[in-house]
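# the following comprises the amino acid sequence and a computationally predicted model.
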Amino acid sequence: MLHVAIEAAREAGKYLKYNVGKVRSVETKKGEERNLVSEIDKTSEQKIIGIIKRHYPHHAILAEESGGSEASAEYKWVIDPLDGTTNFLHGLPLYCVTIAIERKGEIIAGVVYDPNLDELFTAEKGSGAYVNGKRMHVSTRTRLLDSLLVTGFPYDIAANPGNVVGHFANFLMEGQGIRRLGSAALDLSYIAAGRLDGYWEVNLNPWDMAAGVLFVLESGGRVTDFTGAPTTIYHKQVLASNSLIHTAMIDVLKRGAV
């Protein structure tokens, strides 16, 4: 199944890169003025689903643009055909394709493909995580002051859900720096690769983080909710880190809790 996911991610990524600057129509999703979708997102998703269904016609699909199907199936493919749509539409080369495979509610494999850097992140549960075939490990930084953090903002940022503005301000004072890449899948992939040290975000969807969460865990990191409790991809908030700064990040989040 991982090989099929890789095939689908590469095919969709090639399509995305070819179509930068060629978007004909852009819509906003219902009730979310900042949440954009184009015909490129939709076609990319169709390509991915077509490849999966040729190999596994009875598996369920949970995809950003087309929703879910066959809810009772043992296997479910969780898909974001273009994570970083706003970046893509502006010609900013920070976007990717992300696909995860879930078996009975547990993520067992995942792929993130960045067509601009030709970086392929992969993992299978219990077998480690890799980027272009090289084993990934989280960073070894132990202090927030030495840590490069990353976050994202929800589309309803004006409502400040979960005090996201306050959390951002608090981490600005505690960390070495904060980045906002615009792709949750890449954020988590970079935590797993040791390029970034800690990540937090609210109002995520399962397809935003399914593969990336597996990468972090398989690379020695930790993933919880903001209180440190166990979480799943169906929870709307995520805290991921190299594990060494995790408690310190929880303390900062507790200060800004509402």
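In hand now; what should we look at? Since we're looking at a predicted model, the values are computed, not measured.
# can we go C-alpha only for contacts and neighbour counts from here?
OK.
# how about the helices in the stretch 51-200 of the chain?
All helices of the stretch 51-200 of the chain, identified by DSSP state H, counting those that start in this stretch, fall at 85-89, 164-174, 184-192.
# surely Lys104 touches Ser72?
No: between Lys104 and Ser72 there is no contact under C-alpha atoms under 8 Å: 9.3 Å.
# against Thr85, how distant is Ala184?
Using C-alpha to C-alpha, to the nearest Å, we find Ala184 at a distance of 11 Å from Thr85.
# and the helices of the stretch 51-200 of the chain: which comes nearest Tyr56?
When the helices of the stretch 51-200 of the chain are compared by C-alpha to C-alpha, helix 184-192 sits nearest Tyr56, at 24.2 Å.
# so this protein: which segments form each domain?
Structural domains annotated on the chain: 2-135, 144-255, as defined by automatic domain parsing.
# residue nearest the centroid of this protein?
Nearest to the centroid of the C-alpha atoms of the chain, with distances taken as C-alpha atoms, centre = their mean, sits Ala185, at 2.3 Å.
# quick one: contacts for that residue?
83, 96, 98, 112, 208-209, 211-212 (C-alpha atoms under 8 Å, 6 or more residues apart in numbering).
# ranking the helices of the stretch 51-200 of the chain by burial, who's on top?
Compared across the helices of the stretch 51-200 of the chain, helix 184-192 shows the largest average neighbour count, a mean of 29 (mean count of other C-alpha atoms under 10 Å).
# what about it, distance to the chain center?
Counting by C-alpha atoms, centre = their mean, to the nearest Å, helix 184-192 is centred 6 Å from the centre of its parent chain.
# which residues touch Val4?
Going by C-alpha under 8 Å, 6+ apart, Val4 touches 51-52, 55.
# just curious, which of the residues you listed is nearest to Thr224?
Of the contacts of Val4, the one sitting nearest to Thr224 (C-alpha to C-alpha) turns out to be Ile52, at 30.0 Å.
# does the closest one really touch Ala5, like I thought?
Yes: between Ile52 and Ala5 a contact is recorded at 7.4 Å, counting by C-alpha under 8 Å.
# which one's more surrounded, these two?
Shown here are Ile52 and Ala5; by other C-alpha atoms under 10 Å, Ala5 has more neighbours (25 against 21).
# secondary structure element for that one?
If you go by DSSP states H and E, Ala5 is part of helix 2-18.
# one step back: wait, which of the contacts of Val4 is closest to Leu196?
Once C-alpha to C-alpha is applied, the member of those that ends up nearest Leu196 is Ile52, at 31.6 Å.
# now the closest residue to the closest one other than its chain neighbours: how far from Leu94?
Spatial nearest neighbour of Ile52, excluding adjacent residues (C-alpha to C-alpha, 6 or more residues apart in numbering): Val4 at 6.7 Å. Separation of Val4 from Leu94 (C-alpha to C-alpha): 24 Å.
# now the helices of the stretch 51-200 of the chain as CSV including distance to Ala60 and mean pLDDT?
As requested, those are arranged in CSV below (distance: least, C-alpha to C-alpha, whole Å; pLDDT from 0 to 100):
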stretch, distance to Ala60, mean pLDDT
helix 85-89, 24, 92
helix 164-174, 33, 93
helix 184-192, 21, 98
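# among those helices, which is nearest Ala9?
helix 184-192 (13.0 Å).
# if I look at Asp114, how far off is Val164?
With the distance defined as C-alpha to C-alpha, Asp114 ends up 27 Å from Val164.
# and what of Asn170?
Asn170 is 10 Å from Val164, by C-alpha to C-alpha.
# do Ile250 as well
With distances taken as C-alpha to C-alpha, Ile250 is found 14 Å from Val164.
# ok, now Asn203?
Counting by C-alpha to C-alpha - Asn203 and Val164 are separated by 10 Å.
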